[in-house]
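Participant: Got a sequence here, can you build the structure:
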Amino acid sequence: MPTEYDGSALGLSEAAVMMQTISESGGGMTAASSVHMNIFGLEPVVKFGTAEQKKRWLLPLIAGKERACFGVTEPNTGLDTLKLQSTARRDGDHYILSGQKIWISTAQNAQKILILVRTTPLSDVKKPSQGLSLFYTDLNRSSVDVREIPKMGRAAVDTNELFFDNWRVPATDLVGTENEGFKMIMHGMNAERILIGAEALGLGFAALRRATQYASDRRVFGRPIGMNQGLQHPMADSWMKLEAARLMISQAAKLYDDGYGDGEYANAGKYLAGEAAFEACERAVLAHGGMGYAREFHVERYLREVWIPRLAPVSREMICNYIGQRVLGLPKSY
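Facilitator: Numbering: from 1, shown residues only. Model prediction:
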(Lines give C-alpha, C1' and ligand atoms only; values in the text may rest on other atoms or scores of the structure.)
Protein backbone atom coordinates (compact mmCIF):
# COMPACT_ATOMS: atom_id res chain seq x y z
CA MET A 1 0.00 0.00 0.00
CA PRO A 2 1.39 3.48 -0.84
CA THR A 3 2.39 5.60 2.15
CA GLU A 4 2.05 9.03 0.55
CA TYR A 5 -0.31 10.73 -1.85
CA ASP A 6 1.84 12.73 -4.27
CA GLY A 7 -1.00 14.86 -5.63
CA SER A 8 -1.04 13.17 -9.01
CA ALA A 9 -4.23 11.82 -10.53
CA LEU A 10 -5.32 10.03 -13.66
CA GLY A 11 -6.41 12.66 -16.16
CA LEU A 12 -10.04 12.49 -17.19
CA SER A 13 -9.01 12.06 -20.82
CA GLU A 14 -7.15 8.86 -19.93
CA ALA A 15 -9.93 7.75 -17.60
CA ALA A 16 -12.55 8.21 -20.32
CA VAL A 17 -10.57 6.03 -22.74
CA MET A 18 -10.16 3.41 -20.02
CA MET A 19 -13.88 3.35 -19.19
CA GLN A 20 -14.84 3.16 -22.87
CA THR A 21 -12.47 0.22 -23.28
CA ILE A 22 -13.90 -1.60 -20.26
CA SER A 23 -17.42 -1.17 -21.60
CA GLU A 24 -16.46 -2.00 -25.19
CA SER A 25 -14.88 -5.27 -24.08
CA GLY A 26 -18.42 -6.59 -23.77
CA GLY A 27 -18.75 -5.89 -20.06
CA GLY A 28 -20.90 -2.86 -20.81
CA MET A 29 -22.29 -0.70 -18.03
CA THR A 30 -21.99 -3.60 -15.59
CA ALA A 31 -18.22 -3.83 -15.87
CA ALA A 32 -17.77 -0.07 -16.05
CA SER A 33 -19.98 0.54 -13.04
CA SER A 34 -17.93 -1.80 -10.89
CA VAL A 35 -15.06 0.73 -10.96
CA HIS A 36 -16.91 3.89 -12.04
CA MET A 37 -17.36 5.62 -8.67
CA ASN A 38 -13.79 4.98 -7.62
CA ILE A 39 -12.54 6.78 -10.76
CA PHE A 40 -14.49 10.06 -10.65
CA GLY A 41 -16.16 10.19 -7.26
CA LEU A 42 -13.41 11.56 -5.06
CA GLU A 43 -12.51 14.43 -7.36
CA PRO A 44 -13.93 16.85 -4.72
CA VAL A 45 -11.52 15.37 -2.18
CA VAL A 46 -8.60 15.76 -4.58
CA LYS A 47 -9.50 19.42 -5.14
CA PHE A 48 -10.78 20.49 -1.71
CA GLY A 49 -9.57 17.97 0.88
CA THR A 50 -6.80 18.72 3.34
CA ALA A 51 -3.43 16.98 3.09
CA GLU A 52 -4.41 14.79 6.05
CA GLN A 53 -7.74 13.84 4.45
CA LYS A 54 -6.11 12.95 1.14
CA LYS A 55 -3.65 10.67 2.88
CA ARG A 56 -6.36 9.11 5.04
CA TRP A 57 -8.89 8.61 2.24
CA LEU A 58 -7.17 8.40 -1.13
CA LEU A 59 -4.38 5.97 -0.28
CA PRO A 60 -6.71 3.11 0.77
CA LEU A 61 -8.87 3.77 -2.30
CA ILE A 62 -5.88 3.75 -4.66
CA ALA A 63 -4.55 0.58 -3.04
CA GLY A 64 -7.91 -1.16 -3.45
CA LYS A 65 -8.32 -1.55 0.31
CA GLU A 66 -11.53 0.48 0.37
CA ARG A 67 -14.42 1.06 -2.02
CA ALA A 68 -16.68 4.09 -2.12
CA CYS A 69 -20.24 4.92 -3.14
CA PHE A 70 -21.83 8.24 -4.03
CA GLY A 71 -24.87 9.62 -2.16
CA VAL A 72 -26.62 12.62 -3.72
CA THR A 73 -29.97 11.63 -5.28
CA GLU A 74 -33.05 11.51 -3.06
CA PRO A 75 -36.50 10.04 -3.81
CA ASN A 76 -38.42 13.28 -3.23
CA THR A 77 -36.08 15.65 -5.06
CA GLY A 78 -34.59 13.74 -8.00
CA LEU A 79 -32.62 16.13 -10.21
CA ASP A 80 -33.61 19.12 -8.04
CA THR A 81 -30.40 18.71 -6.04
CA LEU A 82 -30.68 22.09 -4.32
CA LYS A 83 -33.86 20.91 -2.57
CA LEU A 84 -32.19 17.95 -0.83
CA GLN A 85 -34.05 17.01 2.34
CA SER A 86 -31.37 14.96 4.12
CA THR A 87 -29.88 17.02 6.93
CA ALA A 88 -26.79 17.26 9.11
CA ARG A 89 -26.53 19.21 12.37
CA ARG A 90 -23.38 19.89 14.34
CA ASP A 91 -23.10 18.15 17.70
CA GLY A 92 -19.70 18.80 19.26
CA ASP A 93 -17.03 17.05 17.24
CA HIS A 94 -19.64 15.17 15.16
CA TYR A 95 -22.48 15.86 12.75
CA ILE A 96 -25.81 14.05 13.10
CA LEU A 97 -27.17 12.97 9.71
CA SER A 98 -30.77 12.01 8.98
CA GLY A 99 -32.55 11.34 5.72
CA GLN A 100 -32.73 9.08 2.71
CA LYS A 101 -30.82 8.51 -0.54
CA ILE A 102 -31.71 6.47 -3.63
CA TRP A 103 -29.95 4.97 -6.66
CA ILE A 104 -26.75 4.47 -4.70
CA SER A 105 -24.63 1.99 -6.65
CA THR A 106 -22.24 -0.48 -4.94
CA ALA A 107 -23.45 0.43 -1.43
CA GLN A 108 -23.78 -3.27 -0.59
CA ASN A 109 -20.00 -3.61 -0.69
CA ALA A 110 -18.64 -0.08 -0.18
CA GLN A 111 -16.84 0.83 3.01
CA LYS A 112 -17.08 4.58 2.40
CA ILE A 113 -19.62 7.07 1.08
CA LEU A 114 -19.33 10.57 -0.36
CA ILE A 115 -22.60 12.16 0.72
CA LEU A 116 -24.21 15.57 0.22
CA VAL A 117 -26.66 16.82 2.85
CA ARG A 118 -28.14 20.13 3.97
CA THR A 119 -26.48 21.77 7.00
CA THR A 120 -28.39 25.07 6.82
CA PRO A 121 -32.13 25.15 6.09
CA LEU A 122 -33.13 26.39 2.68
CA SER A 123 -35.12 29.18 4.31
CA ASP A 124 -31.96 30.54 5.99
CA VAL A 125 -29.70 30.90 2.93
CA LYS A 126 -29.55 33.64 0.30
CA LYS A 127 -29.16 31.21 -2.60
CA PRO A 128 -30.40 27.60 -2.85
CA SER A 129 -26.87 26.46 -3.73
CA GLN A 130 -25.72 27.52 -0.26
CA GLY A 131 -26.18 25.47 2.90
CA LEU A 132 -25.22 22.05 1.48
CA SER A 133 -22.22 20.22 2.92
CA LEU A 134 -20.17 17.30 1.67
CA PHE A 135 -18.86 14.43 3.80
CA TYR A 136 -16.67 11.44 3.02
CA THR A 137 -17.15 8.95 5.80
CA ASP A 138 -17.55 5.32 6.85
CA LEU A 139 -20.77 3.74 5.64
CA ASN A 140 -21.82 2.75 9.14
CA ARG A 141 -24.31 -0.07 8.70
CA SER A 142 -25.48 0.13 12.29
CA SER A 143 -26.85 3.60 11.44
CA VAL A 144 -27.59 3.20 7.73
CA ASP A 145 -30.15 0.76 6.34
CA VAL A 146 -29.04 -0.30 2.84
CA ARG A 147 -31.80 -1.86 0.70
CA GLU A 148 -31.09 -3.18 -2.78
CA ILE A 149 -33.37 -2.15 -5.68
CA PRO A 150 -34.28 -4.88 -8.22
CA LYS A 151 -33.77 -3.41 -11.69
CA MET A 152 -33.92 -3.99 -15.43
CA GLY A 153 -30.25 -4.51 -16.20
CA ARG A 154 -26.70 -4.18 -14.87
CA ALA A 155 -27.56 -7.04 -12.53
CA ALA A 156 -23.97 -7.68 -11.42
CA VAL A 157 -23.73 -4.27 -9.74
CA ASP A 158 -26.03 -3.49 -6.83
CA THR A 159 -28.14 -0.31 -6.65
CA ASN A 160 -29.73 0.74 -3.39
CA GLU A 161 -31.86 2.94 -1.19
CA LEU A 162 -30.25 4.27 1.98
CA PHE A 163 -32.19 5.18 5.14
CA PHE A 164 -30.40 6.85 8.06
CA ASP A 165 -31.36 8.59 11.29
CA ASN A 166 -29.10 9.95 14.05
CA TRP A 167 -26.05 8.81 12.10
CA ARG A 168 -23.00 10.26 13.88
CA VAL A 169 -20.30 11.37 11.44
CA PRO A 170 -16.99 12.82 12.69
CA ALA A 171 -16.54 16.52 11.92
CA THR A 172 -13.12 15.61 10.52
CA ASP A 173 -14.96 13.86 7.67
CA LEU A 174 -16.34 17.16 6.35
CA VAL A 175 -14.85 17.96 2.93
CA GLY A 176 -13.88 21.60 2.52
CA THR A 177 -16.02 24.27 4.17
CA GLU A 178 -19.41 23.74 5.75
CA ASN A 179 -22.31 24.95 3.58
CA GLU A 180 -20.14 25.03 0.42
CA GLY A 181 -20.65 21.41 -0.65
CA PHE A 182 -22.66 22.04 -3.81
CA LYS A 183 -19.89 23.77 -5.73
CA MET A 184 -17.53 20.99 -4.67
CA ILE A 185 -19.80 18.16 -5.74
CA MET A 186 -20.13 19.72 -9.19
CA HIS A 187 -16.50 18.82 -9.88
CA GLY A 188 -17.47 15.18 -9.51
CA MET A 189 -20.74 15.53 -11.42
CA ASN A 190 -19.15 16.97 -14.56
CA ALA A 191 -16.53 14.22 -14.50
CA GLU A 192 -19.27 11.63 -14.07
CA ARG A 193 -21.16 12.87 -17.13
CA ILE A 194 -18.03 12.52 -19.26
CA LEU A 195 -17.24 9.03 -17.99
CA ILE A 196 -20.85 7.85 -18.40
CA GLY A 197 -20.70 9.12 -21.97
CA ALA A 198 -17.48 7.22 -22.60
CA GLU A 199 -19.02 4.05 -21.17
CA ALA A 200 -22.06 4.50 -23.43
CA LEU A 201 -19.76 4.77 -26.42
CA GLY A 202 -18.07 1.52 -25.50
CA LEU A 203 -21.41 -0.24 -25.30
CA GLY A 204 -22.51 1.22 -28.65
CA PHE A 205 -19.31 0.12 -30.38
CA ALA A 206 -19.61 -3.36 -28.83
CA ALA A 207 -23.15 -3.67 -30.14
CA LEU A 208 -22.12 -2.45 -33.58
CA ARG A 209 -19.28 -4.98 -33.69
CA ARG A 210 -21.70 -7.81 -32.83
CA ALA A 211 -24.16 -6.61 -35.44
CA THR A 212 -21.63 -6.36 -38.27
CA GLN A 213 -20.19 -9.78 -37.47
CA TYR A 214 -23.65 -11.37 -37.45
CA ALA A 215 -24.61 -9.57 -40.66
CA SER A 216 -21.47 -10.91 -42.35
CA ASP A 217 -22.03 -14.50 -41.18
CA ARG A 218 -25.80 -14.87 -41.46
CA ARG A 219 -26.95 -16.00 -44.93
CA VAL A 220 -30.53 -15.69 -46.12
CA PHE A 221 -31.69 -16.18 -49.74
CA GLY A 222 -28.19 -17.34 -50.62
CA ARG A 223 -26.30 -14.22 -49.52
CA PRO A 224 -25.03 -12.55 -46.34
CA ILE A 225 -27.69 -10.26 -44.92
CA GLY A 226 -25.00 -7.59 -44.59
CA MET A 227 -25.11 -7.16 -48.38
CA ASN A 228 -28.51 -5.54 -47.97
CA GLN A 229 -28.39 -1.75 -47.72
CA GLY A 230 -31.33 -1.92 -45.33
CA LEU A 231 -28.80 -3.27 -42.81
CA GLN A 232 -25.64 -1.62 -44.09
CA HIS A 233 -26.89 1.95 -44.00
CA PRO A 234 -28.22 2.01 -40.42
CA MET A 235 -24.98 0.46 -39.14
CA ALA A 236 -22.87 2.91 -41.11
CA ASP A 237 -25.00 5.74 -39.72
CA SER A 238 -24.45 4.45 -36.18
CA TRP A 239 -20.69 4.27 -36.66
CA MET A 240 -20.60 7.91 -37.77
CA LYS A 241 -22.76 9.04 -34.84
CA LEU A 242 -20.67 7.10 -32.33
CA GLU A 243 -17.45 8.55 -33.73
CA ALA A 244 -18.89 12.08 -33.62
CA ALA A 245 -19.95 11.59 -30.00
CA ARG A 246 -16.50 10.18 -29.17
CA LEU A 247 -14.90 13.39 -30.41
CA MET A 248 -17.26 15.44 -28.22
CA ILE A 249 -16.42 13.29 -25.19
CA SER A 250 -12.71 13.70 -25.91
CA GLN A 251 -13.14 17.46 -26.14
CA ALA A 252 -15.11 17.55 -22.89
CA ALA A 253 -12.45 15.50 -21.08
CA LYS A 254 -9.64 17.68 -22.40
CA LEU A 255 -11.40 20.87 -21.31
CA TYR A 256 -11.99 19.35 -17.88
CA ASP A 257 -8.31 18.40 -17.55
CA ASP A 258 -7.36 21.95 -18.59
CA GLY A 259 -9.42 23.38 -15.72
CA TYR A 260 -12.43 24.50 -17.72
CA GLY A 261 -15.13 24.01 -15.11
CA ASP A 262 -18.43 24.72 -16.88
CA GLY A 263 -20.58 21.80 -17.88
CA GLU A 264 -21.80 22.44 -21.41
CA TYR A 265 -19.36 20.02 -23.07
CA ALA A 266 -19.74 17.42 -20.32
CA ASN A 267 -23.52 17.57 -20.67
CA ALA A 268 -23.52 17.67 -24.47
CA GLY A 269 -21.05 14.80 -24.71
CA LYS A 270 -23.09 12.64 -22.38
CA TYR A 271 -26.28 13.43 -24.32
CA LEU A 272 -24.82 12.65 -27.75
CA ALA A 273 -23.05 9.49 -26.58
CA GLY A 274 -26.16 8.16 -24.85
CA GLU A 275 -28.35 8.74 -27.90
CA ALA A 276 -25.83 7.30 -30.37
CA ALA A 277 -25.23 4.26 -28.19
CA PHE A 278 -28.94 3.59 -27.70
CA GLU A 279 -29.58 3.70 -31.42
CA ALA A 280 -26.61 1.41 -32.10
CA CYS A 281 -27.80 -1.14 -29.54
CA GLU A 282 -31.35 -1.06 -30.87
CA ARG A 283 -30.09 -1.57 -34.41
CA ALA A 284 -27.89 -4.44 -33.26
CA VAL A 285 -30.94 -6.25 -31.90
CA LEU A 286 -32.85 -5.60 -35.12
CA ALA A 287 -29.94 -6.81 -37.24
CA HIS A 288 -30.04 -10.13 -35.40
CA GLY A 289 -33.74 -10.53 -36.10
CA GLY A 290 -35.39 -12.99 -33.73
CA MET A 291 -32.01 -14.03 -32.36
CA GLY A 292 -31.52 -10.49 -31.10
CA TYR A 293 -34.08 -11.35 -28.44
CA ALA A 294 -32.03 -14.36 -27.30
CA ARG A 295 -29.44 -14.04 -24.56
CA GLU A 296 -27.02 -16.16 -26.58
CA PHE A 297 -25.98 -13.19 -28.73
CA HIS A 298 -25.62 -10.62 -25.90
CA VAL A 299 -27.20 -7.72 -27.78
CA GLU A 300 -30.41 -7.93 -25.75
CA ARG A 301 -28.29 -7.25 -22.64
CA TYR A 302 -26.63 -4.30 -24.33
CA LEU A 303 -30.05 -2.82 -25.12
CA ARG A 304 -31.17 -3.19 -21.51
CA GLU A 305 -28.00 -1.61 -20.17
CA VAL A 306 -27.88 1.27 -22.64
CA TRP A 307 -30.93 2.81 -21.00
CA ILE A 308 -28.66 3.87 -18.14
CA PRO A 309 -26.75 6.66 -19.95
CA ARG A 310 -30.03 8.02 -21.31
CA LEU A 311 -31.51 8.33 -17.82
CA ALA A 312 -28.55 9.01 -15.54
CA PRO A 313 -26.90 10.91 -14.04
CA VAL A 314 -29.05 13.60 -15.67
CA SER A 315 -31.93 13.27 -18.13
CA ARG A 316 -31.84 14.26 -21.78
CA GLU A 317 -34.46 16.93 -21.13
CA MET A 318 -32.47 18.56 -18.34
CA ILE A 319 -29.39 18.64 -20.57
CA CYS A 320 -31.41 20.44 -23.24
CA ASN A 321 -32.61 22.86 -20.55
CA TYR A 322 -29.00 23.48 -19.53
CA ILE A 323 -27.80 24.09 -23.08
CA GLY A 324 -30.79 26.29 -23.87
CA GLN A 325 -30.25 28.48 -20.82
CA ARG A 326 -26.47 28.44 -20.25
CA VAL A 327 -25.21 28.24 -23.84
CA LEU A 328 -27.93 29.81 -25.97
CA GLY A 329 -28.98 32.40 -23.40
CA LEU A 330 -32.66 31.52 -23.50
CA PRO A 331 -35.00 32.09 -20.51
CA LYS A 332 -35.01 29.40 -17.84
CA SER A 333 -37.73 26.92 -18.73
CA TYR A 334 -38.23 25.07 -15.44
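Participant: in the stretch 101-250 of the chain, which spans are helices?
Facilitator: Along the stretch 101-250 of the chain, the segments classed as helices by DSSP state H, counting those that start in this stretch run 181-217, 229-257.
Participant: Mean neighbour count, those helices: which tops it?
Facilitator: The highest mean neighbour count among these, using mean count of other CB atoms under 10 Å, belongs to helix 181-217: a mean of 24. Quick note: C-beta positions are derived from backbone N, CA and C, even for glycine.
Participant: distance between that one and the chain's centre?
Facilitator: Centroid separation between helix 181-217 and its chain, computed with CA atoms, centre = their mean, to the nearest Å, is 10 Å.
Participant: same thing with stretch 127-140?
Facilitator: 18 Å.
Participant: got it, and stretch 260-276?
Facilitator: 12 Å.
Participant: To residue 113, which of the helices of the stretch 101-250 of the chain lies closest?
Facilitator: Residue 113 lies closest, by CB to CB, to one member of the helices of the stretch 101-250 of the chain: helix 181-217, at 12.9 Å.
Participant: Could you check the angle that closest one makes with helix 229-257?
Facilitator: Relative orientation of helix 181-217 and helix 229-257, computed by axes from the mean of the first three to the mean of the last three CA atoms, to 10 degrees: 150 degrees.
Participant: quick one: contacts for residue 235?
Facilitator: 208, 211, 212, 215, 283, 287 (CB atoms under 8 Å, 6 or more residues apart in numbering).
Participant: Could you list the low-pLDDT ranges of the stretch 101-250 of the chain?
Facilitator: Of all residues in the stretch 101-250 of the chain, none has pLDDT under 70.
Participant: List the residues that contact residue 30.
Facilitator: 153, 154, 155, 156, 157, 305.
Participant: Please disregard the earlier target; I meant residue 143.
Facilitator: 164, 165, 166, 167, 168 are the contacts of residue 143 under CB under 8 Å, 6+ apart.
Participant: Drop the exposed ones from the contacts of residue 30 and show what's left.
Facilitator: 153, 154, 157, 305 (16 or more other CB atoms under 10 Å).
Participant: how about the last one, what does it touch?
Facilitator: Which is residue 305. Counted by CB under 8 Å, 6+ apart, residue 305 has contacts 28, 29, 30, 153, 154, 203.
Participant: and what of the third one?
Facilitator: In this structure, residue 157 makes contact with 30, 33, 34, 105, 106, judged by CB under 8 Å, 6+ apart.
Participant: Quick check: next helix or strand after the helix or strand where the first one lies?
Facilitator: Think residue 30. Using DSSP states H and E, residue 30 sits within helix 28-40. Downstream of helix 28-40, the first helix or strand assigned by DSSP H and E is helix 43-48.
Participant: Most remote residue from the middle of this structure, which is it?
Facilitator: residue 222 (45.4 Å; CA atoms, centre = their mean).
Participant: Look up how far residue 289 lies from it.
Facilitator: 17 Å (CB to CB, to the nearest Å).
Participant: What of residue 176?
Facilitator: Taking CB to CB, one finds residue 176 at 54 Å from residue 289.
Participant: Among these two, which residue is more densely surrounded?
Facilitator: residue 176 (18 against 12; other CB atoms under 10 Å).
Participant: Let me know the pLDDT of the closest residue in space to the more buried one that isn't next to it in sequence.
Facilitator: Closest residue to residue 176 apart from its sequence neighbours, by CB to CB, 6 or more residues apart in numbering: residue 48 at 3.9 Å. On pLDDT, residue 48 comes in at 95.
Participant: what sits against residue 48?
Facilitator: So residue 48 contacts 175, 176, 184 (CB under 8 Å, 6+ apart).
Participant: Tell me the bridge partners for the nearest residue to the first one once chain neighbours are set aside.
Facilitator: Yep, that's residue 175 we're talking about. Leaving out its chain neighbours, the residue that sits closest to residue 175 by CB to CB, 6+ apart is residue 134, at 4.4 Å. Under DSSP bridges, the beta-bridge partners of residue 134 are residue 116, residue 175.
Participant: 33 is where my numbering starts, stick with that
Facilitator: Fine by me, first position is 33 from now on; the one you just mentioned is residue 166.
Participant: can you pull the contacts of residue 236?
Facilitator: 270, 274, 305, 308, 309, 310, 311, 312, 313, 338.
Participant: any idea which element the fifth one lies in?
Facilitator: Mapping residue 309 onto the secondary structure by DSSP H and E places it in helix 296-319.
Participant: from the chain's centre, how far out does the very next helix or strand once past that helix sit?
Facilitator: Remark: after helix 296-319, the chain's next helix or strand is helix 331-337, criterion DSSP H and E. Its chain's C-alpha centre lies 18 Å from the corresponding centre of helix 331-337 when counted by CA atoms, centre = their mean.
Participant: how about the helix or strand following helix 331-337: buried residues?
Facilitator: Downstream of helix 331-337, the first helix or strand assigned by DSSP H and E is helix 340-343. For helix 340-343, a neighbour-count test (16+ other CB under 10 Å) marks 340, 341, 342 as buried.
Participant: This completes my enquiry, with thanks.
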